[in-house]
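**Student:** Quick one, what's the 3D model for this:
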Amino acid sequence: MLEQVYRAGLLGVAVALVGGIIYVAWERLFAERRPTLGAEDEESMKQVLVVGLNGAGKTSVLHSLSTNTVKRSDGPTMMFNSVCIKTEEAEIEFLEVGGNKSLRKCWPSYLPGSHALVYVVDAADHNRLPLAKKELHQLVRGHPTLPVVVLANKQDIKGACTISEIHEQLSLAKLGDKRKLFLIGTHVAEDGSQVPASMQDAKELIAQLVIY
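**Tutor:** Coordinates of the predicted model:
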């Protein structure tokens with residue numbers, strides 16, 4: 001079973017910027033778990049939709065989440081990527097949809113079957129943050145309880161927005177108070193290296209969200 005107690009000092013996690021929206025009290029987050037799932041439910045697939053503007057680093061993040069090693073993507077995702085991760089409780093499918101303008105129109109069609117949304121943002125691309133905000137807000141409109149994990153990626157790049165700046169730039173406080181919403185700073189290092197602790201914790205957090 002995945003560890004349910006997370007490090008409160010996780011690099012890049014926003015610290016209660018707006019009450020009730022960014023949760024960092026890891027040890028209390030899943031204190032009240034749902035009832036034990038039946039055998040049929042345990043075997044079911046849990047889908048996590050992974051989206052973000054082109055160039056945000058979605059494919060590299062997906063590789064890190066699924067293999068615990070780093071591999072930078074050589075180019076944009078033209079259509080889709082899908083990776084399945086098995087845990088003791090369920091099988092989780094991370095479905096990445098490309099972020100160019102034409103594919104962004106397809107994002108909403110995948111939300112009804114998703115148990116959580118991972119939204120990847122290039123924290124160093126200041127000029128496109130307003131567009132990233134617009135696309136995120138449009139996407140989750142009509143899904144007020146869908147858990148959202150925002151990954152402020154490329155934190156290792158000089159000049160990248162801080163977590164608090166990303167929170168403000170994306171107006172996360174306006175995404176509603178009925179959903180579980182998390183903001184985590186991430187980055188990928190050199191190819192073949194082990195992923196940062198923040199990425200590993202993000203993976204376990206996402207698994208907890210869709211399983212319990």
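
**Student:** Doesn't Ser109 lie inside a helix?
**Tutor:** Yes: checked against DSSP: H, G, I helix; E, B strand; the rest coil, Ser109 lies within a helix.

**Student:** Identify, by residue count, the longest helix of this structure.
**Tutor:** Secondary structure of the chain per DSSP state H: the longest helix is helix 197-211.

**Student:** now for that one, which elements pack on it?
**Tutor:** Counting contacts by 3 or more C-beta pairs under 8 Å, 6 or more residues apart in numbering; DSSP states H and E, helix 197-211 packs against strand 45-51, helix 58-67, strand 91-97, strand 116-122, strand 148-153, strand 181-185. No exception for glycine: its C-beta is placed from N, CA and C like everyone else's.

**Student:** wait, isn't Gly57 in contact with Ala160?
**Tutor:** No: the criterion here is C-beta atoms under 8 Å, and Gly57 misses it with Ala160 at 11.5 Å.

**Student:** Of those two, which one has the most company?
**Tutor:** More crowded of Gly57 and Ala160, by other C-beta atoms under 10 Å: Gly57, with 22 against 19.

**Student:** quick one: contacts for that one?
**Tutor:** Counting by C-beta atoms under 8 Å, 6 or more residues apart in numbering, Gly57 makes contact with 73, 120, 122, 153-154, 188.

**Student:** Could you save the residues you listed as TSV and add columns showing distance to Val48 and pLDDT?
**Tutor:** Output for the contacts of Gly57, formatted as TSV (distance: C-beta to C-beta, whole Å; pLDDT from 0 to 100):
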residue	distance to Val48	pLDDT
Ser73	18	52
Val120	12	95
Asp122	20	95
Asn153	16	90
Lys154	21	89
Val188	18	70
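
**Student:** So which of those wins on neighbours?
**Tutor:** Asn153 (29 neighbours).

**Student:** Who does that residue form a beta bridge with?
**Tutor:** Asp122 (DSSP bridges).

**Student:** how much space between it and Ser109?
**Tutor:** Distance, Asn153 to Ser109, using C-beta to C-beta, to the nearest Å: 24 Å.

**Student:** do the same with Lys154
**Tutor:** Relative to Ser109, and taking C-beta to C-beta, Lys154 is found at 28 Å.

**Student:** do the same with Ala160
**Tutor:** On the measure of C-beta to C-beta, Ala160 and Ser109 end up 31 Å apart.

**Student:** quick one: contacts for the residue positioned nearest the centre of the chain?
**Tutor:** With the centre of the chain defined as its mean C-alpha position, the nearest residue by C-alpha atoms, centre = their mean is Val118, 2.9 Å away. Val118 sits next to 48-51, 61, 94, 148-149, 151, 206 when contact means C-beta under 8 Å, 6+ apart.

**Student:** which neighbours do Gly57 and Ala160 share?
**Tutor:** Residues touching both Gly57 and Ala160 (C-beta under 8 Å, 6+ apart): Lys154.
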